[in-house]
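Undergrad: what follows is a predicted protein model with its sequence.
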Amino acid sequence: MFQPKQRSYALEMFGSDQSYILQARSPINRVEPVTKNGGEALLVAVLNPSNAASSFISLPKEGENKNAEHLQQEIAFRIGVAGRGFLGNTMFAAQLKD
């Protein structure tokens, strides 16, 4: 059985945070603080993207989940980093190594 890993990171090592959609078979909205040095990200949330169709007759596209938006803003405020906001559809960043 898998056990979740617990790690501690100094808040001072993070310089920004971001939210974006990772396109895959099932797209996901990721929220991550990003380190100052090296731009490595720490995944803190995975959410379902919202449907962001611009109108009723347009094709649906994935948009930022409102919970992801609030979480990203809250992280930026609480730990005092620059919020990069929603980056749209993108590849995931390099992740912090254990």
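TA: Nice, I can see it.

Undergrad: what number of residues lie near G15?
TA: Residues lying near G15 (other C-beta atoms under 10 Å) number 16. The way it works is simple: take the backbone N, C-alpha and C, and place the C-beta from them, glycine included.

Undergrad: list of residues touching the helix or strand it falls within?
TA: Taking DSSP states H and E as the criterion, G15 maps to strand 14-22. Residues from elsewhere that reach strand 14-22 (C-beta atoms under 8 Å, 6 or more residues apart in numbering): 27-36, 41-42, 49, 62-64, 68-69, 71-72, 75-76, 79, 81-93.

Undergrad: which residues of the protein fall in helices?
TA: All helices of the chain, identified by DSSP state H, fall at 66-79.

Undergrad: where does pLDDT dip in it?
TA: For the chain, the stretches flagged by pLDDT under 70 are 1, 52-61, 98.

Undergrad: buried only: go through the contacts of strand 14-22 for me.
TA: For the contacts of strand 14-22, a burial check counting by 16 or more other C-beta atoms under 10 Å picks out 28-35, 41-42, 49, 62-64, 68-69, 71-72, 75-76, 81, 83-86, 93.

Undergrad: narrow these to those in strands?
TA: Judged by DSSP state E, the buried ones among the contacts of strand 14-22 include 28-35, 62-63, 83-86 as members of strands.

Undergrad: what's E69 in contact with, if anything?
TA: Counting by C-beta under 8 Å, 6+ apart, E69 touches S19, F86.
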